[in-house]
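Peer 1: One predicted model, sequence on top.
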Amino acid sequence: MKIAIIGQQDFGKAVLEAFLTRGDDVAAVFCAPEREGARPDALRAAAEAKGLKVHRFKSLRDPEAIQAMTDARADIGIMAFVLQFAPQAFVTIPKHGTIQYHPSLLPKYRGPSSINWPIIKGDTETGLTIFRPTDGLDEGAVILQKRTPISPDDTLGSIYFDRLFPMGVQAMLEAADLVVAGKHRETTQDESQASYEGWCRTAEAKIDWAKPIDHVYNLIRGCNPAPGAWTTLDGKKLEIFDARKLVFRRFADVPGKIGGVTDVTAQSFKVTAQGGQVEVLKARFADGKKVSGGEAAQAAGFAAETILGG
(Lines give C-alpha, C1' and ligand atoms only; values in the text may rest on other atoms or scores of the structure.)
Protein backbone atom coordinates (compact mmCIF):
# COMPACT_ATOMS: atom_id res chain seq x y z
CA MET A 1 0.00 0.00 0.00
CA LYS A 2 1.02 3.62 -0.40
CA ILE A 3 1.09 5.45 2.91
CA ALA A 4 1.80 8.84 4.45
CA ILE A 5 3.25 8.82 7.97
CA ILE A 6 2.62 11.63 10.42
CA GLY A 7 4.60 11.39 13.65
CA GLN A 8 7.86 11.83 15.46
CA GLN A 9 10.53 10.30 17.68
CA ASP A 10 11.29 6.62 18.25
CA PHE A 11 7.74 5.31 17.90
CA GLY A 12 7.27 7.11 14.61
CA LYS A 13 10.60 5.72 13.41
CA ALA A 14 9.64 2.16 14.41
CA VAL A 15 6.31 2.42 12.57
CA LEU A 16 8.05 3.79 9.47
CA GLU A 17 10.57 0.95 9.48
CA ALA A 18 7.85 -1.68 10.00
CA PHE A 19 5.96 -0.54 6.90
CA LEU A 20 9.14 -0.28 4.83
CA THR A 21 10.34 -3.71 5.95
CA ARG A 22 7.28 -5.40 4.53
CA GLY A 23 7.53 -3.49 1.27
CA ASP A 24 4.96 -0.69 1.57
CA ASP A 25 5.50 2.56 -0.32
CA VAL A 26 5.99 5.60 1.93
CA ALA A 27 4.94 8.55 -0.19
CA ALA A 28 5.55 11.25 2.43
CA VAL A 29 6.56 11.75 6.04
CA PHE A 30 5.24 14.65 8.14
CA CYS A 31 7.22 15.64 11.27
CA ALA A 32 6.83 18.54 13.65
CA PRO A 33 9.64 21.12 13.46
CA GLU A 34 12.36 20.54 16.05
CA ARG A 35 13.14 23.12 18.70
CA GLU A 36 16.50 24.81 18.46
CA GLY A 37 19.09 22.76 20.32
CA ALA A 38 16.83 19.69 20.66
CA ARG A 39 18.14 16.28 19.72
CA PRO A 40 17.36 15.29 16.13
CA ASP A 41 13.91 13.80 15.64
CA ALA A 42 14.39 10.04 15.18
CA LEU A 43 11.63 9.72 12.59
CA ARG A 44 12.89 12.64 10.51
CA ALA A 45 16.48 11.40 10.61
CA ALA A 46 15.47 7.86 9.59
CA ALA A 47 13.21 9.08 6.79
CA GLU A 48 15.84 11.41 5.37
CA ALA A 49 18.48 8.67 5.56
CA LYS A 50 16.22 6.50 3.39
CA GLY A 51 15.71 9.28 0.86
CA LEU A 52 12.02 9.77 1.65
CA LYS A 53 10.16 13.04 1.18
CA VAL A 54 9.96 14.74 4.59
CA HIS A 55 7.73 17.72 5.45
CA ARG A 56 8.04 19.83 8.60
CA PHE A 57 5.13 22.23 8.95
CA LYS A 58 4.54 24.35 12.03
CA SER A 59 0.84 23.63 11.59
CA LEU A 60 -0.93 20.89 9.68
CA ARG A 61 -3.69 23.45 9.07
CA ASP A 62 -1.40 25.34 6.69
CA PRO A 63 -2.50 25.25 3.03
CA GLU A 64 1.00 23.99 2.20
CA ALA A 65 0.48 20.96 4.50
CA ILE A 66 -2.89 20.23 2.90
CA GLN A 67 -1.32 20.43 -0.55
CA ALA A 68 1.61 18.19 0.48
CA MET A 69 -0.77 15.50 1.70
CA THR A 70 -2.82 15.82 -1.50
CA ASP A 71 0.32 15.48 -3.61
CA ALA A 72 1.31 12.29 -1.72
CA ARG A 73 -1.72 10.45 -3.17
CA ALA A 74 -1.58 8.01 -0.28
CA ASP A 75 -3.93 5.10 0.22
CA ILE A 76 -3.94 5.75 3.99
CA GLY A 77 -2.49 8.16 6.53
CA ILE A 78 -0.69 6.70 9.57
CA MET A 79 -0.51 8.91 12.69
CA ALA A 80 2.21 7.56 14.99
CA PHE A 81 2.83 9.66 18.13
CA VAL A 82 1.50 13.00 16.91
CA LEU A 83 1.38 16.05 19.17
CA GLN A 84 0.32 18.48 16.45
CA PHE A 85 -3.37 19.06 15.78
CA ALA A 86 -4.38 17.38 12.50
CA PRO A 87 -7.60 18.90 11.06
CA GLN A 88 -10.16 16.92 9.12
CA ALA A 89 -9.15 18.80 5.98
CA PHE A 90 -5.77 17.06 6.32
CA VAL A 91 -6.60 13.56 7.64
CA THR A 92 -9.40 12.83 5.18
CA ILE A 93 -7.26 13.39 2.07
CA PRO A 94 -5.82 9.83 1.72
CA LYS A 95 -8.03 7.42 -0.21
CA HIS A 96 -8.94 5.43 2.94
CA GLY A 97 -8.56 8.29 5.40
CA THR A 98 -6.17 8.24 8.37
CA ILE A 99 -5.70 6.08 11.47
CA GLN A 100 -4.11 7.12 14.75
CA TYR A 101 -2.39 5.34 17.66
CA HIS A 102 -3.27 6.15 21.27
CA PRO A 103 -1.74 4.29 24.26
CA SER A 104 -4.87 3.72 26.33
CA LEU A 105 -8.15 1.85 26.06
CA LEU A 106 -10.27 4.68 24.72
CA PRO A 107 -12.51 6.30 25.72
CA LYS A 108 -10.60 6.05 29.03
CA TYR A 109 -7.58 8.26 29.51
CA ARG A 110 -7.88 10.61 26.63
CA GLY A 111 -5.04 13.09 26.66
CA PRO A 112 -1.26 13.35 26.49
CA SER A 113 -0.06 11.26 29.49
CA SER A 114 -2.31 8.27 28.99
CA ILE A 115 0.35 5.70 29.94
CA ASN A 116 1.22 7.31 33.27
CA TRP A 117 -2.26 7.76 34.67
CA PRO A 118 -3.59 4.17 34.69
CA ILE A 119 -0.53 3.14 36.71
CA ILE A 120 -0.77 6.12 39.05
CA LYS A 121 -4.47 5.43 39.66
CA GLY A 122 -3.82 1.76 40.44
CA ASP A 123 -5.54 0.22 37.40
CA THR A 124 -4.83 -3.44 36.68
CA GLU A 125 -5.21 -3.19 32.91
CA THR A 126 -4.34 -0.80 30.11
CA GLY A 127 -3.82 -1.09 26.39
CA LEU A 128 -3.79 0.75 23.09
CA THR A 129 -6.34 1.96 20.58
CA ILE A 130 -6.15 2.55 16.84
CA PHE A 131 -8.88 5.02 15.92
CA ARG A 132 -10.03 7.61 13.42
CA PRO A 133 -8.73 11.08 14.28
CA THR A 134 -11.38 13.78 14.56
CA ASP A 135 -11.24 17.43 15.62
CA GLY A 136 -12.01 16.29 19.18
CA LEU A 137 -9.21 15.05 21.43
CA ASP A 138 -8.94 11.25 21.04
CA GLU A 139 -12.69 11.03 20.35
CA GLY A 140 -12.85 9.25 16.98
CA ALA A 141 -14.30 5.86 16.11
CA VAL A 142 -12.29 2.86 17.33
CA ILE A 143 -10.89 0.45 14.73
CA LEU A 144 -9.09 -1.97 17.04
CA GLN A 145 -7.77 -2.30 20.58
CA LYS A 146 -5.13 -4.40 22.31
CA ARG A 147 -5.05 -5.04 26.06
CA THR A 148 -2.26 -5.75 28.53
CA PRO A 149 -2.32 -6.26 32.31
CA ILE A 150 -0.62 -3.88 34.71
CA SER A 151 1.17 -5.94 37.35
CA PRO A 152 1.57 -4.55 40.90
CA ASP A 153 5.19 -3.62 40.18
CA ASP A 154 4.99 -2.48 36.55
CA THR A 155 6.38 0.96 35.78
CA LEU A 156 5.79 3.43 32.99
CA GLY A 157 8.96 2.08 31.40
CA SER A 158 7.98 -1.58 31.51
CA ILE A 159 4.44 -0.96 30.27
CA TYR A 160 5.51 1.24 27.37
CA PHE A 161 8.82 -0.16 26.17
CA ASP A 162 8.04 -3.83 26.79
CA ARG A 163 4.40 -3.86 25.65
CA LEU A 164 2.64 -0.77 24.33
CA PHE A 165 5.48 0.23 22.01
CA PRO A 166 5.94 -3.10 20.17
CA MET A 167 2.22 -3.92 20.38
CA GLY A 168 1.45 -0.49 18.92
CA VAL A 169 3.72 -0.93 15.92
CA GLN A 170 2.08 -4.24 15.04
CA ALA A 171 -1.40 -2.83 15.66
CA MET A 172 -0.78 -0.02 13.18
CA LEU A 173 0.15 -2.58 10.50
CA GLU A 174 -2.89 -4.70 11.32
CA ALA A 175 -5.30 -1.75 11.32
CA ALA A 176 -3.94 -0.34 8.08
CA ASP A 177 -4.42 -3.69 6.36
CA LEU A 178 -7.98 -3.97 7.62
CA VAL A 179 -8.91 -0.45 6.54
CA VAL A 180 -7.38 -0.64 3.07
CA ALA A 181 -9.01 -4.04 2.51
CA GLY A 182 -12.37 -2.71 3.70
CA LYS A 183 -12.55 -5.39 6.40
CA HIS A 184 -12.49 -3.15 9.46
CA ARG A 185 -15.30 -2.10 11.80
CA GLU A 186 -15.59 1.36 13.31
CA THR A 187 -17.11 1.58 16.78
CA THR A 188 -18.27 4.89 18.20
CA GLN A 189 -16.73 5.66 21.59
CA ASP A 190 -19.09 5.53 24.57
CA GLU A 191 -18.99 9.06 25.97
CA SER A 192 -20.48 7.89 29.27
CA GLN A 193 -17.24 5.96 29.88
CA ALA A 194 -14.90 8.71 28.74
CA SER A 195 -12.22 10.25 30.92
CA TYR A 196 -9.59 12.88 30.24
CA GLU A 197 -6.32 13.40 32.07
CA GLY A 198 -3.91 16.23 31.38
CA TRP A 199 -0.14 16.10 31.38
CA CYS A 200 1.75 14.21 34.05
CA ARG A 201 4.60 16.60 34.59
CA THR A 202 6.78 17.78 37.45
CA ALA A 203 3.92 19.34 39.44
CA GLU A 204 1.83 16.16 39.26
CA ALA A 205 4.83 13.96 40.19
CA LYS A 206 5.44 15.48 43.64
CA ILE A 207 5.22 12.88 46.42
CA ASP A 208 3.02 13.49 49.45
CA TRP A 209 4.32 11.05 52.07
CA ALA A 210 1.16 11.57 54.13
CA LYS A 211 -0.86 9.75 51.46
CA PRO A 212 -1.55 5.99 51.75
CA ILE A 213 1.35 3.76 50.75
CA ASP A 214 -0.45 2.46 47.63
CA HIS A 215 -0.96 6.03 46.40
CA VAL A 216 2.71 6.90 46.95
CA TYR A 217 4.04 3.72 45.36
CA ASN A 218 1.73 3.96 42.33
CA LEU A 219 2.87 7.55 41.75
CA ILE A 220 6.53 6.51 41.84
CA ARG A 221 6.11 3.67 39.35
CA GLY A 222 3.76 5.64 37.11
CA CYS A 223 6.44 8.36 36.80
CA ASN A 224 9.38 6.01 36.28
CA PRO A 225 11.34 6.95 34.18
CA ALA A 226 9.52 10.18 33.31
CA PRO A 227 8.81 12.70 34.63
CA GLY A 228 10.29 11.15 37.80
CA ALA A 229 8.39 11.23 41.10
CA TRP A 230 10.14 13.57 43.51
CA THR A 231 10.45 14.81 47.04
CA THR A 232 12.76 17.29 48.77
CA LEU A 233 15.51 17.35 51.38
CA ASP A 234 16.23 20.80 52.81
CA GLY A 235 14.68 22.30 49.70
CA LYS A 236 16.80 20.20 47.35
CA LYS A 237 14.90 18.07 44.84
CA LEU A 238 15.32 14.28 45.04
CA GLU A 239 13.82 12.12 42.28
CA ILE A 240 12.88 8.52 43.06
CA PHE A 241 12.81 5.84 40.37
CA ASP A 242 13.15 2.11 41.10
CA ALA A 243 11.48 1.21 44.39
CA ARG A 244 9.70 -1.52 46.35
CA LYS A 245 6.55 -1.27 48.45
CA LEU A 246 6.59 -2.59 52.02
CA VAL A 247 3.19 -3.09 53.68
CA PHE A 248 2.57 -3.87 57.34
CA ARG A 249 -0.37 -5.67 58.94
CA ARG A 250 -1.02 -2.88 61.41
CA PHE A 251 -0.37 0.84 61.25
CA ALA A 252 1.29 0.53 64.64
CA ASP A 253 3.94 -1.71 63.09
CA VAL A 254 5.07 0.87 60.54
CA PRO A 255 8.42 2.27 61.67
CA GLY A 256 9.38 5.92 61.63
CA LYS A 257 7.53 9.16 61.02
CA ILE A 258 5.66 10.17 57.88
CA GLY A 259 8.35 11.08 55.33
CA GLY A 260 11.00 9.75 57.65
CA VAL A 261 14.04 7.83 56.42
CA THR A 262 14.90 4.49 57.99
CA ASP A 263 17.22 1.57 57.26
CA VAL A 264 19.93 3.18 55.13
CA THR A 265 22.10 0.48 53.51
CA ALA A 266 24.65 0.41 50.70
CA GLN A 267 21.86 -0.43 48.25
CA SER A 268 18.78 1.45 49.43
CA PHE A 269 16.92 3.47 52.03
CA LYS A 270 13.33 3.31 53.24
CA VAL A 271 10.81 6.12 53.60
CA THR A 272 7.60 5.94 55.63
CA ALA A 273 4.15 6.76 54.27
CA GLN A 274 0.67 6.04 55.64
CA GLY A 275 0.43 2.30 56.26
CA GLY A 276 3.78 1.27 54.86
CA GLN A 277 7.17 2.15 53.48
CA VAL A 278 8.87 2.63 50.14
CA GLU A 279 12.32 1.12 49.74
CA VAL A 280 14.18 3.37 47.32
CA LEU A 281 16.53 1.46 45.02
CA LYS A 282 17.35 4.16 42.46
CA ALA A 283 17.32 7.93 42.93
CA ARG A 284 18.81 11.16 41.64
CA PHE A 285 19.40 14.60 43.06
CA ALA A 286 18.59 17.42 40.65
CA ASP A 287 22.26 18.21 40.04
CA GLY A 288 23.45 14.63 39.66
CA LYS A 289 22.96 11.31 37.92
CA LYS A 290 20.87 8.26 38.82
CA VAL A 291 22.53 6.20 41.55
CA SER A 292 21.46 3.48 43.95
CA GLY A 293 19.28 4.55 46.84
CA GLY A 294 22.12 3.75 49.21
CA GLU A 295 24.56 5.97 47.32
CA ALA A 296 22.09 8.85 47.27
CA ALA A 297 21.40 8.50 50.99
CA GLN A 298 25.07 8.32 51.91
CA ALA A 299 25.98 11.28 49.68
CA ALA A 300 23.26 13.38 51.33
CA GLY A 301 24.17 12.20 54.83
CA PHE A 302 20.77 10.67 55.59
CA ALA A 303 20.29 9.75 59.22
CA ALA A 304 17.49 8.01 61.08
CA GLU A 305 15.81 11.34 61.88
CA THR A 306 15.93 12.69 58.29
CA ILE A 307 12.51 13.80 57.03
CA LEU A 308 11.80 14.14 53.33
CA GLY A 309 9.31 16.52 51.79
CA GLY A 310 9.15 18.84 54.75
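Peer 2: Arrived safely, thanks for sending. Numbers count the residues shown, from 1 in each chain.

Peer 1: residues contacting Thr129?
Peer 2: Counting by Cβ atoms under 8 Å, 6 or more residues apart in numbering, Thr129 makes contact with 101-102, 104-106, 142, 144-145. Where you see a C-beta, it was placed from the backbone N, CA and C, and this is true even at glycine.

Peer 1: And those, which is closest to Phe165?
Peer 2: Tyr101 (10.2 Å; Cβ to Cβ).

Peer 1: I'd like the next helix or strand past the one helix or strand the closest one maps to.
Peer 2: Secondary-structure assignment from DSSP states H and E places Tyr101 in strand 98-102. Later in the chain than strand 98-102, the nearest helix or strand by DSSP H and E is helix 116-120.

Peer 1: Any chance you could list what contacts that next one?
Peer 2: 104, 108-109, 111, 125-126, 150, 154-156, 159, 197, 200, 218-219, 221-223.

Peer 1: next one: stretch 255-265
Peer 2: With contact meaning Cβ under 8 Å, 6+ apart, stretch 255-265 is reached by 209-210, 231, 269-274, 277, 279, 294, 297-298, 302-310.

Peer 1: Just these: which are in helices?
Peer 2: Members of these lying in helices (criterion: DSSP state H): 294, 297-298.

Peer 1: Just the buried residues out of the residues you listed, in PyMOL syntax.
Peer 2: Buried residues among the ones in helices among the contacts of stretch 255-265 (16 or more other Cβ atoms under 10 Å), as a PyMOL selection:
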select buried, resi 294+297
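
Peer 1: where along the stretch 101-250 of the chain do the strands fall?
Peer 2: Here the stretch 101-250 of the chain has its strands, by DSSP state E, counting those that start in this stretch, at 125-131, 142-149, 229-233, 236-240, 243-247.

Peer 1: ok now the second one, how far from the chain's centre?
Peer 2: On the basis of Cα atoms, centre = their mean, to the nearest Å, strand 142-149 is displaced by 16 Å from the centre of the chain it belongs to.

Peer 1: and the angle from that strand to strand 98-102?
Peer 2: If you take axes from the mean of the first three to the mean of the last three Cα atoms, to 10 degrees, strand 142-149 sits at 20 degrees to strand 98-102.

Peer 1: Buried residues of strand 142-149, list them for me.
Peer 2: Buried, per 16+ other Cβ under 10 Å, within strand 142-149: 142-146, 148.

Peer 1: any chance of those in a markdown table, with distance to Cys31 and pLDDT too?
Peer 2: Below are the buried residues of strand 142-149 laid out as a markdown table (distance: Cβ to Cβ, whole Å; pLDDT from 0 to 100):
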| residue | distance to Cys31 | pLDDT |
| --- | --- | --- |
| Val142 | 26 | 98 |
| Ile143 | 24 | 98 |
| Leu144 | 25 | 98 |
| Gln145 | 27 | 98 |
| Lys146 | 26 | 98 |
| Thr148 | 28 | 98 |
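
Peer 1: Pipe those into a markdown table and attach distance to Asn116 per row.
Peer 2: Converted to a markdown table, the buried residues of strand 142-149 look like this (distance: Cβ to Cβ, whole Å):
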| residue | distance to Asn116 |
| --- | --- |
| Val142 | 22 |
| Ile143 | 24 |
| Leu144 | 23 |
| Gln145 | 19 |
| Lys146 | 19 |
| Thr148 | 15 |
